[in-house]
Each structure stands twice: as C-alpha cells, then as structure tokens.
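Enquirer: Sequence first, then the predicted structure:
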Amino acid sequence: MTIRKGKAGDAGRPSPGTEADGRVRRPAAAGRAPNRAGPKGAAPKAKTPPEPKVSEAVAHAVKMGYDVIAENIRQGREAAERFRQGEYRLRDAPGDLEVASLRLLQLARELSTTTFDVCERLLKELGAQRPPQDRTDSVPKFREAAPAATPAPVKTASPSPPAQATMQVTVRFEGAPKAIAHTESLTRPRLPTAASGVSAAPLAPSSARGAAIAGVRFEMDASVEGIVAVVTVPKGQAHGFYSSLVHAEGDPIPLGVLTIELPK
C-alpha cells in the first residue's frame, strides 16, 4: 500500500475543516437575522392626522379675523401719517383701498370655510354621542305579562234634562189691597212668548166655600223684573187660599202654580 507523502512542515498540521481529533467538520452556515421589514416593496402606513377640534377651528378663525383687522388698522395709520407729512398722494388711495378690500374678502372666504368645518365637526361629535344599542333587545322575555283585564264599563244614570230657567213674578191685586201673593217665580216658557200669551185658569179656592176668581191677566212692566200678574178680586170674595195652573200659549206643560191668600 502506497502512502502519499505530504510536504515538509505539513506533518502534524490539521487540514482546513479538520478538528484535532481527526473528524471533518462542515463550516457553519452564516445565520440570517429575522426579516421584520415585512414584504419587499411594502411601504409603511402613514398615520392619519387627528382632526382639529371645534375650539381649535374657532380660535383659528378668530385669530385670522384679528390679524386682518389689525393689518388694516396698521396700514390706515401709516397712510394717515404719510398724509400728515405730505408724502401720501390721493392717487395712492384706490390701490390701498383695493388691497384692504381684497384682504377683507379673503377673510370672509376663510370664515365661511371655517363655519362649514365647525358645523361638520359638530355633526360628527353629536353622532359619536349616540347611546349604545341595547344588546338585550333581541333576547326573548322570560315571561310574557298577562294582558290587563279590561275594566267593566260603569253604568251611569241617564243625565237628567237641564233645568229650565225661571222668571220672577210680581202679583198685583185690584179690589183687595190686603191680599197676599205666595208665588214668587214661574218657569220661563220654552218658546218665545209675549206676556199676553201667558194665561191662568180661574183661581180655585182651597175649600168648598167661595167662588173662583176669574180675573187674572199677565203683562209686562219696565219698572219691575220678570212678569206681572194682575188679579182682580170681586167685592165680597170669601177669605182663604186660591190657586191655579199657569200656561204659556202652545205649551201643554204648565209653567207653575199661582197662589194667593185673601186674609180675614
């Protein structure tokens, strides 16, 4: 068996990749760091700038207005100073007025834009303040409540017809100055009726003695209230109580009872 001789000085020196114990080791692969940059070519997400608050928009609009007004005042003072010193000419006035007017128009444009921004922001904030939805709405109830019993209708008595108005009666006597009237009022006729349309039957005595008094008529007197009943008492009429029903023309229901007394 032929053994190849190495070069001088190679004896006892391990070859590359050979350990001291004679084993051959493969060189370790170079480790790679983890790729945290994401997919190749992916751009980082840009952060959305926060929307300005309502107070910031209002403050910006107010500051802009103050700046424009202050600038106009400053230029007005400079123009007045130049005019006082004789350096300001009238032909420069239109230009300065044009600049001031344009500045005011720009301010109005900015303020209108700011107003719409403020309104939009307010609507968004109001929408964000909606109450949370109740998640228990879809859950069925544990127990359905029994329907309430309908109370039985209460029977009420039929309303009585409205009371008919009354009218005052003044009784005047003819032929019996000491007679006394016991009727002060009668029911007012349901239909328009003149005093001549009111009549009374002969006043019948309460006892069997005496004859009826037929002389009864009704009339109006502007000096007294109501209606006047004139009773003519015959001479020699017996004393006692007399009464009769009073009717209105065309009405079968009596208006009341007329009662008088002839004392002894």
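Expert: That came through, no problem.

Enquirer: Now do the domain split for the chain, please.
Expert: As given by automatic domain parsing, the domain ranges for the chain are 54-128, 166-262.

Enquirer: tell me the most buried of the ones you listed?
Expert: Neighbour counts (mean count of other CB atoms under 10 Å) averaged over each of the domains of the chain peak at domain 166-262, with a mean of 15. For the C-beta atoms, the positions are set from N, CA and C on the backbone; glycine is no exception.

Enquirer: Sketch out the strands for this structure, chain order is fine.
Expert: Secondary structure of the chain, counting by DSSP state E: strands at 166-174, 180-181, 185-187, 198-200, 204-205, 215-219, 227-232, 240-248, 256-262.

Enquirer: Put together JSON lines for these, with mean pLDDT and distance to Thr114 on each row.
Expert: As requested, the strands of the chain are exported to JSON lines (pLDDT from 0 to 100; distance: least, CB to CB, whole Å):
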{"stretch": "strand 166-174", "mean pLDDT": "93", "distance to Thr114": "79"}
{"stretch": "strand 180-181", "mean pLDDT": "94", "distance to Thr114": "93"}
{"stretch": "strand 185-187", "mean pLDDT": "93", "distance to Thr114": "81"}
{"stretch": "strand 198-200", "mean pLDDT": "93", "distance to Thr114": "87"}
{"stretch": "strand 204-205", "mean pLDDT": "92", "distance to Thr114": "102"}
{"stretch": "strand 215-219", "mean pLDDT": "92", "distance to Thr114": "89"}
{"stretch": "strand 227-232", "mean pLDDT": "94", "distance to Thr114": "85"}
{"stretch": "strand 240-248", "mean pLDDT": "93", "distance to Thr114": "85"}
{"stretch": "strand 256-262", "mean pLDDT": "93", "distance to Thr114": "86"}
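
Enquirer: for these, which one sits closest to Leu104?
Expert: Closest approach to Leu104 among the strands of the chain (CB to CB): strand 166-174, 83.0 Å.

Enquirer: residues in contact with the closest one?
Expert: Outside strand 166-174, the residues that touch it by CB atoms under 8 Å, 6 or more residues apart in numbering are 179, 181, 183-188, 215, 221, 224-233, 258, 260.

Enquirer: For the chain, give me the ranges with low pLDDT.
Expert: 1-55, 57, 83-84, 86-93, 126-148, 155-163, 208 (pLDDT under 70).

Enquirer: on contacts alone, who are the packing partners of the longest helix along the chain?
Expert: Identified as the longest helix of the chain according to DSSP state H is helix 93-128. If you count contacts as 3 or more CB pairs under 8 Å, 6 or more residues apart in numbering; DSSP states H and E, helix 93-128 packs onto helix 54-84.

Enquirer: Next, the angle from the helix it packs on to helix 93-128.
Expert: Per axes from the mean of the first three to the mean of the last three CA atoms, to 10 degrees, the angle that helix 54-84 makes with helix 93-128 is 170 degrees.

Enquirer: Check which helices and strands helix 54-84 is in contact with.
Expert: Contact partners of helix 54-84 among helices and strands, from 3+ CB pairs under 8 Å, 6+ apart: helix 93-128.

Enquirer: Tell me who's in contact with Thr114.
Expert: Contacts for Thr114 were tallied using CB under 8 Å, 6+ apart; they are Ala57, Val58, His60, Ala61, Met64.

Enquirer: Phe241: which of the residues you listed is nearest?
Expert: Nearest to Phe241 out of these is Val58 (CB to CB; 97.0 Å).
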